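> need a structure here:
(one chain, ligands or ions: 2)
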Amino acid sequence: MSELQASASGGRVRVAVDTPQHSGLTGPLDYLSEQALAPGSLIRVPLGKRELMGIVWPGESDQATAAELLRPILGVLEGLPPLSARWCELIEFAAGYYQRSVGELALSVLPPQLRELDGTQLQLRLKRVAKWAAEQAARTPDAAPVLPTLSAAQTEALARLDGLLRQAGAEAAPPPLLLYGVTGSGKTEVYLRAAEHALAQGRQVLVLVPEINLTPQLEARFAERFAGVATVSLHSALTPAQRLRNWLAAHLGQARLVLGTRLAVFASLPQLGLVVVDEEHDPSYKQQDGARYSARDLAVYRARLEKVPVILGSATPSLESWHNANEGRYQRLALPARIGGAALPRVRLFDMKTLPVKKGVMTALTAPLLQALRERLARGEQSLVFLNRRGYAPVLHCGECQWKSDCPHCSAWRVFHKADRTLRCHHCGFSERVPSACPTCGNLDIAPLGRGTERLEEQLAEALPGARIARIDADTTKLKGELEAQLGAVHAGEVDILVGTQMITKGHDFRRIGFVAAVNPDGALFSSDFRAPERLFALLMQAAGRAGRDAEAATLGPSEMWVQTWHPEHALYQALARHDFEAFAKNQLAERAGAGLPPYSHLALLRAEARDAAVAKAFLDAAAAWAEAQPEAQQQQMLIYPPVPMSIARVANVERVQMLVEAGSRAALQRLLRLWLPELGALKREHKGLMRWAVDVDPLAI
Ligand SMILES: Nc1ncnc2c1ncn2[C@@H]1O[C@H](COP(=O)(O)OP(=O)(O)OP(=O)(O)O)[C@@H](O)[C@H]1O
Ligand SMILES: [Zn+2]
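Numbers count the residues shown, from 1 in each chain. Ligands and ions are numbered 1, 2, ... in the order given. Next comes the predicted model:
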């Protein structure tokens, strides 16, 4: 019971509480307790005039507060087993790495309802969870699941994995596995078998997916395979009550399988035996506010802490993971071919320059593309048309006075949504009815410029009468159940052409799609963000991956990916045409090495926000001056770039400025940040009008 000793002595306990931001990065605070409390216990403590939930934190107090100043704790949440020492360690690491306070992070990843419960309410919840778990365990399959015969590559991958699973809990942590499998190669089957093995060992399994919209499909596949295994999901679309129930089920060890989005990486799993990160390259794994953590990176850290295997799966791994595999830090397992010998789609780079030029008319639905769609329709095949822009048109425009539908609060256009006739800002949410005439000159003839998915759907319907067209994007799937219903219709063959944003390009196991078109992907080619090519390549590979997944359906004709571009000769498209991720990755890594960019360097972004951009900039300049004076910055070849406006500089009338810090070593960057942050808190007070500042470690979007 060494865990008990730390807090049993002298009545002093360390407690992680969510202290207010302005108090700076504080560690756990000391309180007095009459009874010995196991680390990880949930308790109630006073803070100022408030009463808060806190977590008894492992480790020694620094005794900074004199004993006579300590306040007694108010109570203990009885009946809940303490959070494990490893869970606390994960939180402590993440808080340190992403520069947040331990208490803030720890409390923010617990289900919010947990904070409001008293002992009696908790007892009731615990009873319900136990009942639910018993029901789950009694669930019998409709029919025994039919296990597919594994492909040779799957068999080999699993043999390697089994070796690691057997080692789980041994002295050294097994190396992370990068499951590099082309689209449709059966990665999910590998996850299922690995999960089966871990479950059979009496362990819990954590499976992460990048987006909520991928959880229903995955839940269904796991439920079908593992009837009788209590399974829960954890994501932000759950009600507070569901989230608490699922969290408790995992924490009590009753849920054996936990599926979820990035926040699930913090689930309490006392018997964790395997972690899976599906589509590990996906940017959605990075949290974009508060503690800006990468769930993928934390999954790797957590697996090492628990000494259990972690599988990172992708057809287009992140360059960070690819580099780690190249360097031998990760083990690479490849699934080089599609299941059943299905061919990857032929990629057709359609050169927009070959179209006859009609002045002023920019069309996304080119005649050859419509022809290709008609052919697929005639054959009874499904097609997918992909455009990464929702709404009807990105901007409304007056030809007389050149007025455009800008947002009064942001440096961005308001998007025209035709269905509800609104102009909506996708950044601040500001929405107004579409004016019937130009607001500046009164011209009645204002017209949409460019196109989003809503307009694309309309134009397709005009051009292809009789075709059954469905659209899936954030606008058509707002209501609960809508997405499932729409995907269901696609799977049932009730849809001929599916139009949508990137939501439909990843992860879905469509069986009937033979043709995928990207109508306007060029924009990302010339972005100033060094990660833009990596993201575009992954997106297009994933989109291509939705076509031709069923080897048997291919008797109709070969599947095809259609890319409309003004730059067919671009190296990115050339690699795409050959489905050559490896060449693309090699090329990109060489460029990154040359430019000293990640994974060859380590970045942090310091962001500042104010009504006046000059205030934000002055704060960052002062921050830079302070850091540059530190010996740490000078010795470690730390590079601090001048502050620049963010790509969308103003959102909701707030100017946003950012400053990039680049370091050769992760440890050096961490050391600087640790010194810097308390300083920044003090600096903020000197810069009147500064609203917020934040640090983003390993930022994804620059
Ligand atoms: N050994 C197998 N035999 C027959 N069918 C299989 C086998 N393994 C997987 N499948 C089926 O092949 C299809 C594709 O598998 P899966 O969805 O796992 O691919 P994936 O590698 O995850 O692809 P993506 O990266 O595109 O999501 C699924 O319908 C799955 O049920
Ligand atoms: Zn706005």
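
> rest of the way, CA atoms for contacts and neighbours
Will do.

> and the strands in the stretch 501-650 of the chain?
513-518, 560-565, 602-610, 639-640, 644-651 (DSSP state E, counting those that start in this stretch).

> got the angle for the longest one vs strand 644-651?
Our comparison of strand 602-610 with strand 644-651, counting by axes from the mean of the first three to the mean of the last three CA atoms, to 10 degrees, yields an angle of 40 degrees.

> parallel or antiparallel, which strands does strand 602-610 pair with?
strand 654-663 (antiparallel), strand 690-697 (antiparallel) (DSSP bridges).

> show residues contacting the shortest one.
For strand 690-697, the surrounding residues in contact (CA atoms under 8 Å, 6 or more residues apart in numbering) are 97-99, 292-293, 603-611, 615-616, 619, 684.

> got any ranges where the stretch 201-350 of the chain has weak pLDDT?
Applying pLDDT under 70 to the stretch 201-350 of the chain flags no residue at all.

> strands along that one, start to end?
Using DSSP E, counting those that start in this stretch, strands in the stretch 201-350 of the chain cover 204-208, 231-234, 257-260, 272-277, 310-314, 331-335, 346-351.

> for the first one, buried residues please.
If you call a residue buried by 16 or more other CA atoms under 10 Å, then strand 204-208 has these buried ones: 204-208.

> again with the last one
By neighbour count with 16+ other CA under 10 Å, strand 346-351 contains the buried residues 346-350.

> can I get those in TSV including distance to Ile469?
Output for the buried residues of strand 346-351, formatted as TSV (distance: CA to CA, whole Å):
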residue	distance to Ile469
Arg346	24
Val347	23
Arg348	23
Leu349	24
Phe350	23
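
> so which bits of the stretch 501-650 of the chain are right by ligand 1?
Within the stretch 501-650 of the chain, the positions near ligand 1 by CA under 6 Å from any ligand atom are 507, 509, 545.

> quick one: which of the residues you listed is nearest His235?
For those, the minimum distance to His235 (CA to CA) is 17.2 Å, reached by Gly507.

> any idea how far Ile446 is from ligand 2?
20 Å (CA to the ion, to the nearest Å).

> the spatially closest residue to that residue that is not a sequence neighbour: what's it in contact with?
Closest residue to Ile446 apart from its sequence neighbours, by CA to CA, 6 or more residues apart in numbering: Cys398 at 4.6 Å. Each residue near Cys398 by CA under 8 Å, 6+ apart is listed here: 404, 438, 443, 445-447.

> quick one: Cys398 and ligand 2, what's the gap?
Per CA to the ion, Cys398 is found 20 Å from ligand 2.

> pLDDT score assigned to that residue?
Cys398 is assigned a predicted lDDT (pLDDT) of 91.

> do Ala608 as well
Reading off the model, Ala608 has pLDDT 96.

> please apply the same query to Ala682.
At Ala682, pLDDT is 88.

> and what of Asn443?
At Asn443, pLDDT is 90.

> the nearest residue to it once chain neighbours are set aside: what secondary structure?
Closest residue in space to Asn443, ignoring its immediate chain neighbours: Ala437 at 5.4 Å, by CA to CA, 6+ apart. Classification of Ala437 using DSSP: H, G, I helix; E, B strand; the rest coil returns coil.

> ok, Ala437 - contacts?
So Ala437 contacts 443-446 (CA under 8 Å, 6+ apart).

> which of those residues count as buried?
Here, 16+ other CA under 10 Å leaves Ile446 buried among the contacts of Ala437.

> circling back to that earlier point, would you turn the contacts of Cys398 into JSON lines with secondary structure?
Below are the contacts of Cys398 laid out as JSON lines (three-state DSSP):
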{"residue": "Lys404", "secondary structure": "strand"}
{"residue": "Cys438", "secondary structure": "coil"}
{"residue": "Asn443", "secondary structure": "coil"}
{"residue": "Asp445", "secondary structure": "coil"}
{"residue": "Ile446", "secondary structure": "strand"}
{"residue": "Ala447", "secondary structure": "strand"}
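
> which residue is nearest the centroid of this protein?
A centroid search over the chain (CA atoms, centre = their mean) returns Ser284, at 1.9 Å, as the residue closest to the centre.

> so who does that one touch?
Counted by CA under 8 Å, 6+ apart, Ser284 has contacts 210-211, 262.

> and if you look at Asp30?
Per CA under 8 Å, 6+ apart, neighbours of Asp30: 12-15, 61, 63, 65, 70.

> for these, which one is nearest ligand 2?
Nearest to ligand 2 out of the contacts of Asp30 is Val15 (CA to the ion; 41.0 Å).

> quick one: the closest one is in a helix?
No - checked against three-state DSSP, Val15 lies outside a helix; its state is strand.

> which parts of the chain sit against ligand 1?
148-151, 181, 183-189, 315, 339, 507, 509, 545.

> what about those, which are in strands?
Gly181 (DSSP state E).

> and the residue in the stretch 501-650 of the chain that ligand 2 sits nearest to, how many neighbours?
The nearest approach of the stretch 501-650 of the chain to ligand 2 comes at Arg650, 8.3 Å away (CA to the ion). Neighbour count for Arg650, taken as other CA atoms under 10 Å: 24.

> was I right about it contacting Cys410?
Yes - counting by CA atoms under 8 Å, Cys410 is a contact partner of Arg650 at 4.7 Å.

> quick one on the thing from earlier: quick one: closest of the strands of the stretch 501-650 of the chain to Leu305.
strand 602-610 (22.6 Å).

> how about the helices in the stretch 351-500 of the chain?
367-378, 453-463, 482-491 (DSSP state H, counting those that start in this stretch).

> of those helices, which stretch is the most buried?
Highest mean neighbour count among these (mean count of other CA atoms under 10 Å): helix 453-463, with a mean of 18.

> re the thing from before, can you add distance to Glu482 and give the buried residues of strand 204-208 back as JSON lines?
Converted to JSON lines, these look like this (distance: CA to CA, whole Å):
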{"residue": "Gln204", "distance to Glu482": "31"}
{"residue": "Val205", "distance to Glu482": "29"}
{"residue": "Leu206", "distance to Glu482": "27"}
{"residue": "Val207", "distance to Glu482": "24"}
{"residue": "Leu208", "distance to Glu482": "23"}
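
> which ones among the residues you listed come in contact with ligand 2?
Residues of these in contact with ligand 2 (CA under 5 Å from the ion): none.

> ok, those vs ligand 2, which is closest?
Checking those one by one against ligand 2 (CA to the ion), the nearest turns out to be Leu208, at 32.4 Å.

> which residues of the protein score low on pLDDT?
In the chain, residues with pLDDT under 70: 1-10, 20-25, 168-170, 358-362, 554-556, 633, 635-636.

> domain-wise, how is it divided?
Domain assignment for the chain, taken from automatic domain parsing, gives 2-108, 120-340, 343-391+452-592, 393-450, 602-697.

> show me the one of those domains that comes nearest Leu114.
domain 120-340 (6.7 Å).

> what about that closest one, how long is it end to end?
56 Å (CA to CA, to the nearest Å).

> who touches stretch 623-632?
Counting by CA under 8 Å, 6+ apart, residues outside stretch 623-632 touching it are 633-634, 640, 668, 671-672, 676, 680, 683.

> from those residues, which ones fall inside helices?
633-634, 668, 671-672, 676, 680, 683 (DSSP state H).

> can you narrow those residues to ones near ligand 2?
Okay, of these, nothing touches ligand 2 (CA under 5 Å from the ion).

> and those residues, which two are furthest apart?
Ala668 and Leu683 (22.0 Å).

> give me every residue that touches Ser294.
With CA under 8 Å, 6+ apart, Ser294 has these contacts: 262, 285-287.

> what does Cys441 give?
400-401.

> going forward, the N-terminal residue is numbered 832.
Okay, using 832 as the starting number, the last item reads as Cys1272.

> so what's Gly1331 bridging to?
Here Gly1331, judged by DSSP bridges, has bridge partners Phe1217, Ile1303.

> and it, how many neighbours does it have?
26.

> repeat for Glu1158
Glu1158: 10 neighbours (other CA under 10 Å).

> quick check: it vs Tyr1431, distance?
12 Å.

> quick check: neighbours shared by the two?
If you check Glu1158 and Tyr1431 against CA under 8 Å, 6+ apart, no residue is contacted by both.
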